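1. Generate coordinates for the sequence data below:
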Amino acid sequence: MAAYAGLASLMNTIDGIQIHPRLSISLDKKQTESLVETTRFLLDFIESAIHSHGGSKEEEQVLESQIASASFAAEDVIKSHAVDQIRSGSISSLDLQTVIEGMDFVKDKAVGFSDKRGLKDQHPTYSTPAIFITGKSKMIGFDDELTQLMERLTGQHRSLQIIPIVGMGGIGKTTLARNLYESQLIVHHFDICAWTTISQEYSAIDIFSKLISCQSKSTTELDRETSEVRLAQRLYQSLIGRRYLIVLDDIWSIKAWEKIMFFFPDNNNGSRIVLTTRLANVAIHFGPSYLSLKFLEEDKSWKLFCQKAFPQEGCPPQLEKIGKNIAKNCKGLPLLIVVIGGLLRKSSTTQELWENISKDINLILNLKEEEQNLDILSLSYSHLPAHLKACFLYTGIFSNDQDIHAPQLLKLWVAEGFIRPNKTQTLEEIAEGYLNDLIDRNLILLRSRGSNKKIRSCDIHNLLRDFCLKLAKKEKFINVLRGCDISKGVEANECRIVFHREILENNYDGLLQTLESSKFKMFRGLKVVDSDSSLDDILKQVNSCYVSTPFLWISSGLRHISSSISLLWNLQMLVVKDCGTIIAPPEIWEMPQLRHIQFGLIILPNPPLSVKQDCVVLRNLQTLKGVENLRFGDEVCKRIPNVKKLKIVYDEFSIDAYDFCLYNLGSFRKLESLNCFFSSDLHMQDLKFPSSIKKLTLEGCCLNWEDLTMVGSLPNLEVLKLGPGSVVGPVWDPVEGEFLLLKYLAIHRCDDLRHWNAYSCHFPVLENLVLEGMSELEEIPFGVGELPTLGSINLIGCSDSAAVSAVEILEEQESVGNEGLCVRIDLWKKKDLKRLRKMVKHFDCFASINFKMHVIKLDGLW
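-> Model (predicted):
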């Protein structure tokens, strides 16, 4: 794992030096070619040979460690030289001979290793999987427990009930609680549902923030709120008078409960709190009525195993005996069954391979119980292809009280250098395939998908996270510091040091002292979270490839980024949130490594006119978000030819799209996501969209509904979001033959639309419809409701007649046997909810689990 990560990172570092406008001359061409050739050979060796069956694991580990050390040393020499040159302001040549000799030494070892074992390319190949959508898996093994808990949650007891679920790690506590939490019956029954993970190292502020954020789409105010007392009061006020369900996952101590218990009011209306714990004493604290989960019986273990190993075709007869033995040897622990099933799902279905895995599991079973679990997880890890190992271990850095934001995870994998490029995909696309592969193997859990069906959030089981952290620390790959580790210090040869916000809050000075004493000299990534940090402090870390900071270090008003930002020669991600308007220097156009730029608002100057031979093209730039009043002249378009995600804001009172050259947007042939905000009317003829666009968001441009013909003709458009003021007029008559691939349509506060005259032929594959603030809309077209692909209609603060038409559509669809459509109606005030409930309660579908009505806060969805 460390060897592959080190070699891939070395390759990316060399590539970065070679495209840099100043540093490229510091490397000798022949020496560089020799080093690249050796590195590629070793990467191929790691991927194809070293993990083939039939050799000494100890011998493999020694060789892999030697390769890792040599690659880390080589990268350290190259990066150190780059840093010295940047700081000195002069460019000098780097002699790579010593580095080459070190790499050649391990190459000779690898050649000898292959010759000794007579290995060819025996390792299975792994293609990047396509994205596919599956429904939520049916939980196996705890049907009775699920029914019992459902009855307790919806029963007649009006007083607040606390329901503990207890059992060992991996037994299925969180899965059971998650199935309850996401059940349509439960969502319909409670006014508020909120979930948070407590874990061993918890923060009351984080607990309160998470529970509040589950009730609101807007988190800006929460990000700025740091007072525990204020957050607790806000949580309490949000729960008063409401029937709520709170899930406290993975609580480890009674003390943690006692710190938050006073902020859950007993409204005498059937509110419930479900908590999961591994500790019996915690469960017993709440009385004798806790639920204790037991191991699965053999038949249920086999059923779960088949679901994970053979999700569609079923177990081949020749493998059934071995498969049942493997499932039996997992001893009824669901997590191990799921992980082993995922391993075999991605392996060849040969009897020989299955027998070998069955033997390995039998050897593991002789260990103590905790060691058995970790070793079975280790077995699944050892069967991962080399390119997935570093990515999997890296997921352990995220704290276990939050879902992992998938786009951020992918960008971090890329920035860390874990992704080996190919000729047909971007690094982010390759990383996305890796994530899908790890989800297929049940090592990472899928939590949610976005409107474009791509993975939005994911998670990892606590046992797997612990495994990742232990192995990563052992291999000196990652060391995640806890509060108790600060006084112990860290070793100077640690590759990555990770620390979470709690350490900064509680022991900032101790952390700095620890890092300084370890002579930790080159930061790869820097996520700034302390209010005293300044931009100058960030710019000193010239080796950073990832910089993320909130609004704290920049006050309101216009602020300028120093031209010295170009010293960050390896910077790939620059993320600055909620900071007012920032003015970037011209030097930002001289940073070819940039892949993602994301600001609240940033003003980019026009790039200097360039001659062909000295033009720096940001070919790697994938994301550019928050850019204000940018003129898309020929020079700008030439500098960012491969941008895929673009968010642009025009706040001039008089927008002339022609002057801003918005017709040049059509030249971005790889643009997939475009978000445009305008503060005044726009002439559609001055705006051109590339045919590659899959997701389009418009706001404030005051188009006419007939102008959407240009949008509807986009051949790849799948997601369309029309924001406030994007389109004006009382009538929309769509044209047949347009919006042929549109799956997600959201219209927000286009409040003068009254008549939407659409039929099923106008949006033939629509899956999700969201309408917000449509106060004049008379009805949702019944033709839209007849679409066989339509899965959900969500109305927020719309007219009563539109809401009633949504209920009528659901009534009609359920009457003809269509149980796949869900309708949700959200209103701003309780009196609106009461009035609408009287209007629709006579419909049969009013009691359907596919129909929901709620009162929500005024944040909206936009």
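2. alpha carbons only for contacts and neighbour counts from here, please
-> OK.
3. Wait, a helix at residue 548?
-> No: assessed with DSSP: H, G, I helix; E, B strand; the rest coil, residue 548 is strand; it does not lie in a helix.
4. ok, now how distant is residue 678 from residue 725?
-> Separation of residue 678 from residue 725 (Cα to Cα, to the nearest Å): 9 Å.
5. if I look at these two, which residues touch both of them?
-> Residues touching both residue 678 and residue 725 by Cα atoms under 8 Å, 6 or more residues apart in numbering: 699-701.
6. possible to save the residues you listed as JSON lines with secondary structure?
-> Putting the shared contacts of residue 678 and residue 725 into JSON lines (three-state DSSP) gives the following:
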{"residue": "699", "secondary structure": "strand"}
{"residue": "700", "secondary structure": "coil"}
{"residue": "701", "secondary structure": "coil"}
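7. all strands of the stretch 351-500 of the chain, in order?
-> All strands of the stretch 351-500 of the chain, identified by DSSP state E, counting those that start in this stretch, fall at 404-405, 445-449, 455-459, 479-481, 497-499.
8. so what strands line up beside the first one?
-> For strand 404-405, the paired strands and their directions (DSSP bridges) read strand 455-459 (antiparallel).
9. Could you tell me the angle between the partner strand and strand 445-449?
-> 150 degrees (axes from the mean of the first three to the mean of the last three Cα atoms, to 10 degrees).
10. All further residue positions should be reported with the first residue as 239.
-> Sure, I'll start numbering at 239, so the last one becomes strand 693-697.
11. can you tell me the average pLDDT over strand 693-697?
-> Across strand 693-697, the average pLDDT comes to 92.
12. still on that earlier bit, most neighbours among the shared contacts of residue 916 and residue 963, which one is it?
-> Most neighbours among the shared contacts of residue 916 and residue 963, by other Cα atoms under 10 Å: residue 939, with 24 neighbours.
13. For it, give me its contacts.
-> Counting by Cα under 8 Å, 6+ apart, the residues that residue 939 touches are 915-920, 963-965.
14. 7 Å instead, please
-> Counting by Cα atoms under 7 Å, 6 or more residues apart in numbering, residue 939 touches 916-920, 963-965.
15. Could you measure from residue 471 over to residue 443?
-> For residue 471, the distance to residue 443 - Cα to Cα - is 12 Å.
16. returning to what we had before: is it possible to export the shared contacts of residue 916 and residue 963 to a markdown table including pLDDT and distance to residue 616?
-> What follows is these, written out as a markdown table (pLDDT from 0 to 100; distance: Cα to Cα, whole Å):
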| residue | pLDDT | distance to residue 616 |
| --- | --- | --- |
| 937 | 94 | 50 |
| 938 | 90 | 54 |
| 939 | 87 | 55 |
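17. circling back to that earlier point, farthest-separated two in the contacts of residue 939?
-> By the measure Cα to Cα, 917 and 965 form the most distant pair in the contacts of residue 939, at 12.7 Å.
18. Comparing those two, which residue is more hemmed in?
-> A side-by-side neighbour count of residue 917 and residue 965, using other Cα under 10 Å, places residue 965 first with 28 against 18.
19. now the end-to-end length of stretch 996-1005.
-> 15 Å.
20. For residue 517, which residues are in contact?
-> 404, 490.
21. Would you mind measuring from it to residue 688?
-> For residue 517, the distance to residue 688 - Cα to Cα - is 36 Å.
22. from the chain's centre, how far out does the helix or strand where residue 1076 lies sit?
-> In this assignment (DSSP states H and E), residue 1076 forms part of helix 1068-1078. Mean-position distance between helix 1068-1078 and its chain equals 37 Å (Cα atoms, centre = their mean, to the nearest Å).
23. Would you tell me what the next helix or strand after it is?
-> strand 1089-1093.
24. neighbouring contacts of that following strand?
-> Against strand 1089-1093 from outside (Cα under 7 Å, 6+ apart): 426, 429, 1060-1068, 1071, 1083.
25. Skipping its backbone neighbours, what lies nearest residue 941 in space?
-> residue 965 (4.5 Å; Cα to Cα, 6 or more residues apart in numbering).
26. right, and that neighbour touches residue 946 too?
-> No: counting by Cα atoms under 7 Å, residue 965 does not reach residue 946; the two are 8.7 Å apart.
27. quick revisit: need the contacts of residue 939 in a markdown table (columns: distance to residue 316).
-> Compiled in a markdown table, those are given as follows (distance: Cα to Cα, whole Å):
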| residue | distance to residue 316 |
| --- | --- |
| 916 | 46 |
| 917 | 48 |
| 918 | 51 |
| 919 | 52 |
| 920 | 50 |
| 963 | 53 |
| 964 | 51 |
| 965 | 54 |
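28. From the residues you listed, which land in strands?
-> 916, 965 (DSSP state E).
29. Throw the contacts of residue 939 into TSV and include pLDDT and distance to residue 637, thanks.
-> Converted to TSV, these look like this (pLDDT from 0 to 100; distance: Cα to Cα, whole Å):
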residue	pLDDT	distance to residue 637
916	87	38
917	81	40
918	73	44
919	72	46
920	69	45
963	91	40
964	93	39
965	94	43
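30. any idea which of the contacts of residue 939 is the one closest to residue 248?
-> Using Cα to Cα, residue 916 comes nearest to residue 248 of those, at 43.6 Å.
31. beta partners of the closest one?
-> residue 888.
32. Could you list the low-confidence segments of the stretch 289-438 of the chain?
-> 289-295, 354-376 (pLDDT under 70).
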